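K.L.:
Fold the stuff below for me.
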Amino acid sequence: MTAAPAGRTSADRAAVTPTAPDHQTHITNRRTEMFLMHEDMARAHAAQRLEEAARRQRAHRLVAAHRASRRAEEAALRAHHLLSLDIGS
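P.N.:
Have a look, this model is predicted:
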């Protein structure tokens, strides 16, 4: 039997040496950590897709508003032109 190094007892070695329950806890913690990491990545991906969809909707509404404004201006010009023709006759 070998002697323990100076200053260390067998109880100290047992405290430093990883045991099966600690190893199992580490594996369980790592599994949970990996699962949560994948969940976080999925959540971030979903948030990114929602933001892109919101950005597309804002752009679509802006284009529709410009189009409606342009049509309203054209209608106003036509109405003004028709009124000027009626006044002149």
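
K.L.:
alpha carbons only for contacts and neighbour counts from here, please
P.N.:
Noted.

K.L.:
what separates Ala65 from Ala72, distance-wise?
P.N.:
Distance check for Ala65 against Ala72: by Cα to Cα, to the nearest Å, it reads 10 Å.

K.L.:
any idea which element His80 lies in?
P.N.:
helix 20-88 (DSSP states H and E).

K.L.:
tell me which strands and helices that helix is in contact with?
P.N.:
For helix 20-88, not one helix or strand is in contact under the criterion 3 or more Cα pairs under 8 Å, 6 or more residues apart in numbering; DSSP states H and E.

K.L.:
begin at 634 from here
P.N.:
Let's use 634 as the start, then, which means that last one is helix 653-721.

K.L.:
That helix - what's its average pLDDT?
P.N.:
Mean pLDDT, helix 653-721: 90.

K.L.:
neighbours around Ala708, how many?
P.N.:
Neighbours of Ala708 under the rule other Cα atoms under 10 Å: 12.

K.L.:
make that His693, sorry
P.N.:
Around His693 there are 12 residues (other Cα under 10 Å).

K.L.:
Repeat that for Arg689.
P.N.:
Neighbours of Arg689 using other Cα under 10 Å come to 12.

K.L.:
how much space between Phe668 and Thr658?
P.N.:
Taken as Cα to Cα, the span from Phe668 to Thr658 is 15 Å.

K.L.:
and if you look at Glu707?
P.N.:
Applying Cα to Cα to Glu707 and Thr658 gives a distance of 73 Å.

K.L.:
repeat for Ala712
P.N.:
Taking Cα to Cα, one finds Ala712 at 80 Å from Thr658.

K.L.:
Same check on Val696?
P.N.:
Val696 is 56 Å from Thr658, by Cα to Cα.

K.L.:
I am finished for the moment; much appreciated.
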